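[1] sequence? don't have it. structure:
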């Protein structure tokens, strides 16, 4: 079967995926992978907890954000699911409680790439985030104990900083509060 005869993946394909699979569609291609392994899930969960208090709830921090775990994003014809997504309240004043997915691109996303998702997260998904003007992307690698901070500038990704191990950091756009990286890797 030639490329012209291939069927483009749809939202129906995403909905048909088994519950233990993360399904995404980029450029008409269905991408599936198993749910993240324990270190990846733990890092994403801990990061959401660390950022949620000061930025989403405004406890000991500036507030002004909506931060969600694994939001399903429908951006143009692409469907992606970052590990975490954040919107400034100025752009999303109220969380649409009846929404099954979001069409408003976040201001920040975090991906926790695994060895099997590394090229997709750093390639096609970054392209989608750039096209949709997501300004900040964090790449968290719990195996290497590393946080990579990217900022979109003039339609290109700029690596702002790379932090490792047990560093205590102030990383944009959440630089109003210190983040202890060791918290992300702890069991």
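    Yep, it's here. All values reported here derive from a predicted model rather than from experimental measurement.

[2] how long is stretch 176-187 end to end?
    26 Å (CA to CA, to the nearest Å).

[3] Can you give the distance from that stretch to the centre of its chain?
    With CA atoms, centre = their mean, to the nearest Å as the basis, stretch 176-187 stands 17 Å off its chain's centre.

[4] cool, and stretch 46-62?
    16 Å.

[5] Do me a favour and average the pLDDT over that stretch.
    Across stretch 46-62, the average pLDDT comes to 96.

[6] Endpoints of that stretch, how far apart?
    Start-to-end span of stretch 46-62 (CA to CA) is 19 Å.

[7] same deal with stretch 153-172?
    Where stretch 153-172 begins and where it ends lie 14 Å apart, using CA to CA.

[8] hmm, who's touching that stretch?
    In this structure, residues lying in contact with stretch 153-172 by CB atoms under 8 Å, 6 or more residues apart in numbering are 126, 130, 136-138, 144-152, 176-182. For glycine as for every other residue, the C-beta is placed from the backbone atoms N, C-alpha and C.

[9] For ChimeraX, write the selection for the buried entries among those residues.
    Buried residues within these, by 16 or more other CB atoms under 10 Å, are selected in ChimeraX with:
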select :126,130,136,137,138,145,146,147,148,149,150,152,179,181
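
[10] buried sites along the helix of greatest length in the chain?
    When the chain is parsed with DSSP state H, its longest helix is helix 38-51. Within helix 38-51, the residues scored as buried using 16+ other CB under 10 Å are 39-40, 42-44, 46-48, 50-51.

[11] Need those in JSON lines (columns: distance to residue 21).
    Formatted as JSON lines, the buried residues of helix 38-51 follow (distance: CB to CB, whole Å):
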{"residue": "39", "distance to residue 21": "19"}
{"residue": "40", "distance to residue 21": "15"}
{"residue": "42", "distance to residue 21": "20"}
{"residue": "43", "distance to residue 21": "20"}
{"residue": "44", "distance to residue 21": "17"}
{"residue": "46", "distance to residue 21": "24"}
{"residue": "47", "distance to residue 21": "23"}
{"residue": "48", "distance to residue 21": "21"}
{"residue": "50", "distance to residue 21": "28"}
{"residue": "51", "distance to residue 21": "27"}
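
[12] The helix or strand hosting residue 158: what's the following helix or strand?
    Assessed by DSSP states H and E, residue 158 sits inside strand 156-164. For strand 156-164, the following helix or strand on the C-terminal side (DSSP H and E) is strand 168-169.
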